[in-house]
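> here you go, sequence then predicted model.
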Amino acid sequence: SVPDNSDWDQDEEGAVGVSWDQDKEGVSWDEDKEGAVGGTIDRDSSGIDDSSSKKTTSWCDDDEDEKENWKSYPQNDNRKSKNNNKKPQNQGKQEHKVKEVSGDLFAAPKDNSLAHCVAADMRMGSGIAVTFKRDFKNQAQLLDQRRGVGEVAILEDNDRYIYYLITKKYSTGKPRGEDLKKSLMEMKDHCVDHGVKKLSMPRIGCGLDRLEWRDVKPMIEEVFVGVDISITVYNWNSDNEDKKPPNSKSFYKTRIIPLVDIERETGLVFFGSEDGNIDECGKMLDRKYDFSFDYRKQQKHVGTVQKFVKKQEYIYGLVVKKKESDPLSYVNLEQCLTDLKKKIREDKTEFIGFQAYIENNDELAFEKFMSLVRTVFFYSPNEIHLCYPKELEHLLKGNETQRTERNYSEETAGKREFLGDKKKNINDKKRDAGKNWREK
C-alpha cells in the first residue's frame, strides 16, 4: 500500500525510490546501492516525537522473485489506503422492483392484486379498462367511493384487491405524471397496511394515456423502493389497448336546452325520493305536466321507477334515495336505470332524455351518472338526449366526448316530424323497389 500524493521513480536497474513531502515535514526514502529500499519516518514537533512511536518500514528484495513484506506500519497514521476508497458491493446499487413479462394480465396468479388507471368519471370505455369493467363490474360501488384525481378506488376480489388509479378527470383527457405518482403512493400505503405482497399491472399511464414507459417505470421503482412488494408488469395488453371497443347500440346527443323543452315523444326522466320530494328537473316538468301529486301518493321504494302518462307523454321518476337530504347513491341509481330500461322496452319508447345536474358541488356528478347510463343501456337501441340548461353549459368544458356529440343542431332539434317523414320516404322507396323486383 502506497501513501497518497507519492512520486515513484524507476532507475535503469529497476530499483524503485520514493520521495514524499507533506507540509515540508514529510518522510524521505533512500535507495541503497544494491537496490533495496529502506525508509525512515521522522515526526517533527507538530507530530509525536517519541522514540517508541517511531516506526521503520523496510522491504526485502530477492533476485529470483520480488516479494513485498510489509513488516510494520504506523497504526495511528491518518494516511488513506487505496482500499479505503472501495464502496461496499451493495452500496449505490438501485433496487429493481419492476419485473416485466409477456402475457395476459388477467391470467396472473390469483394471489396477485391488480392495478390500472381510470378517470374520475369511471367511464372505462376503451383499452384494458373495458376488460376490468367487464370482469370485476361494481362500477356503481366505485363511484360511491367518490375518489378524485390522484387518489385510488379499491375493490376486493376474494383474497386480493383491484386498484383503480384515478389519474385524470375525464375519460377523454390525458393524465399528468404528478397525478399518477400521487395515486401510486396512495396505493403503496394501502398495500403496506393490508399486507399485499404481489402486485400485477399493465404499463399504466401508457398506451392510450400517452405517458412514456421510460418515465413511468422509474416512477414506480421510486415509489415502492424499500417496500417488500413484488411488482409484475404485463406487456401483452399494451399491444392491444388500441383496439376499438365494441360499439354501443344506443346513440347519444348533447342538447343545450332544458329537458322540459325537448320534442314530443321523448321519455322524460327525473330523480325523486321515497318521502315524495323531486329534484329541480322534476319540478320543471311538474309545472308543465302536473304529476307531483300522483308521485307523492304512490307507494315507492329506492331503486325503482315510477311511471306517469301525462298529455300523451311518458314521464319516469327514478327513486334514488329515501329522504331528500340523503346523499345520492350510485348503487341505487344503477338499480333505477335497470328498471327504467325494462319499462321503456315495454312502452316501446325510442327517445330518452336526461337533464344535467350538480350534486353537492360535484361538477362531475352528471358525468358519473352518464357512465352508468352508458353501461346499462349499452345494448339498448335508444336515442338518448343529454340536456344542458344554459346555466349548466359550462359542464361541457374539457369533456371532448360530450362536445363531439353535439351534432344534433338546434335547427333540426325541433323537427322530429321531418325526420319521421324522411324515414317513411325511405321505407316507401324500399317497398316500391321490392314491388318492381317481384314484377320483373
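Perfect, thanks for sending it.
> quick check: S200 vs W213, distance?
If you measure S200 against W213 using C-beta to C-beta, to the nearest Å, the figure is 16 Å. All C-beta spots, glycine's among them, are computed from the backbone N, C-alpha and C.
> what does G103 give?
17 Å.
> between those two, who's got more neighbours?
Using other C-beta atoms under 10 Å, the more surrounded residue of G103 and W213 is W213, with 16 against 13.
> mind checking pLDDT for that one?
The score at W213 is 96. That number is its pLDDT.
> contacting residues for it?
203, 206 (C-beta atoms under 8 Å, 6 or more residues apart in numbering).
> now it: phi and psi?
For W213, the backbone dihedrals (degrees, to the nearest 10) come out as phi -60, psi -30.
> start the count at 174 instead of 1 going forward.
Yep, numbering from 174; the last one is W386 now.
> measure it to S553 for me?
From W386 to S553 the distance is 38 Å (C-beta to C-beta).
> now do A529
Counting by C-beta to C-beta, the gap from A529 to S553 is 21 Å.
> higher neighbour count, the two?
For A529 versus S553, neighbours defined as other C-beta under 10 Å are more numerous around A529 (25 against 16).
> so the more buried one touches Y561, yeah?
Yes: if you go by C-beta atoms under 8 Å, A529 and Y561 touch, sitting 4.7 Å apart.
> find residues that contact each of those two.
Jointly contacting A529 and Y561 under the rule C-beta under 8 Å, 6+ apart are L568.
> where along the protein do the helices fall?
With DSSP state H as the criterion, the chain has helices at 301-309, 312-317, 350-366, 386-396, 453-462, 465-470, 503-520, 538-549, 573-577, 583-586, 589-612.
> dump those helices to TSV, plus distance to Q485.
Listed next are these as TSV, based on distance: least, C-beta to C-beta, whole Å:
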stretch	distance to Q485
helix 301-309	38
helix 312-317	33
helix 350-366	50
helix 386-396	57
helix 453-462	10
helix 465-470	16
helix 503-520	12
helix 538-549	25
helix 573-577	30
helix 583-586	20
helix 589-612	14
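> and the ones you listed, which one is worst for confidence?
helix 583-586 (a mean of 42).
> using PDB, write out every CA atom in stretch 379-393.
The C-alpha trace of stretch 379-393 is given here as PDB (Å, rounded to 0.1, in the frame of the first residue of the first chain):
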ATOM      1  CA  CYS A 379     -49.000   4.400 -21.300                       C
ATOM      2  CA  GLY A 380     -50.800   3.400 -24.500                       C
ATOM      3  CA  LEU A 381     -54.000   5.400 -24.800                       C
ATOM      4  CA  ASP A 382     -52.900   7.700 -22.000                       C
ATOM      5  CA  ARG A 383     -49.800   8.700 -23.900                       C
ATOM      6  CA  LEU A 384     -47.300   8.800 -21.000                       C
ATOM      7  CA  GLU A 385     -43.900   7.300 -21.700                       C
ATOM      8  CA  TRP A 386     -42.900   4.000 -20.100                       C
ATOM      9  CA  ARG A 387     -39.300   5.200 -19.800                       C
ATOM     10  CA  ASP A 388     -40.700   7.800 -17.400                       C
ATOM     11  CA  VAL A 389     -43.400   5.700 -15.600                       C
ATOM     12  CA  LYS A 390     -41.200   2.700 -14.800                       C
ATOM     13  CA  PRO A 391     -38.600   4.700 -12.700                       C
ATOM     14  CA  MET A 392     -41.500   6.400 -11.000                       C
ATOM     15  CA  ILE A 393     -42.900   3.000  -9.900                       C
END
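> where do the strands sit along the stretch 374-523 of the chain?
For the stretch 374-523 of the chain, the strands defined by DSSP state E, counting those that start in this stretch occupy 403-407, 424-428, 439-446, 478-483, 486-494.
> which of the ones you listed sits closest to L316?
strand 486-494 (12.9 Å; C-beta to C-beta).
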